[in-house]
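Asks: structure here, sequence nowhere to be found:
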């Protein structure tokens with residue numbers, strides 16, 4: 001149980017994971033109730049779901065780039081120490 005609580009996830013990763021069911025539910029509502037809602041509303045729901053997915057992908061890519069830059073900075077800082085140990 002403690003390993004779950006001490007995971008490396010940040011609060012932004014958790015909130016992003018919480019957002020992911022939203023586009024799925026929009027697609028489900030669009031297809032289940034499409035005949036009652038009308039064609040235009042169904043299209044709007046599908047486009048909104050795709051927009052949420054695109055936003056989530058952009059946020060994920062930005063965070064991955066930030067993490068890569070931070071990791072590179074740490075490795076660059078540790079590089080002189082590796083030479084001293086040899």
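Replies: Structure's in. What do you need? Because the structure is a prediction, the values reported are computed rather than measured.

Asks: next, count neighbours for residue 35.
Replies: By the measure other Cβ atoms under 10 Å, the count of residues near residue 35 is 9. Backbone N, C-alpha and C define where each C-beta goes, glycine included.

Asks: and residue 56, how many neighbours?
Replies: Neighbour count for residue 56, taken as other Cβ under 10 Å: 16.

Asks: then residue 18?
Replies: 9.

Asks: quick one: pLDDT of it?
Replies: pLDDT recorded at residue 18 is 75.

Asks: how near is it to residue 53?
Replies: Counting by Cβ to Cβ, to the nearest Å, the gap from residue 18 to residue 53 is 14 Å.

Asks: same question, residue 61
Replies: Taking Cβ to Cβ as the measure, residue 61 and residue 53 are separated by 13 Å.

Asks: more neighbours: which of those two?
Replies: Set residue 61 next to residue 53 and count neighbours by other Cβ under 10 Å: residue 53 wins out with 17 against 10.

Asks: and the more buried one, what element?
Replies: Per DSSP states H and E: residue 53 is located in helix 39-85.

Asks: now that helix: mean pLDDT?
Replies: So the average pLDDT for helix 39-85 ends up being 83.

Asks: count of neighbours near residue 26?
Replies: Using other Cβ under 10 Å, residue 26 has 20 other residues around it.

Asks: need phi/psi at it.
Replies: Main-chain torsions, residue 26, degrees, to the nearest 10: phi -60, psi -40.

Asks: who are the contact partners of it?
Replies: 45, 46, 48, 49, 52 (Cβ atoms under 8 Å, 6 or more residues apart in numbering).

Asks: likewise residue 43?
Replies: By Cβ under 8 Å, 6+ apart, the neighbours of residue 43 are residue 30.
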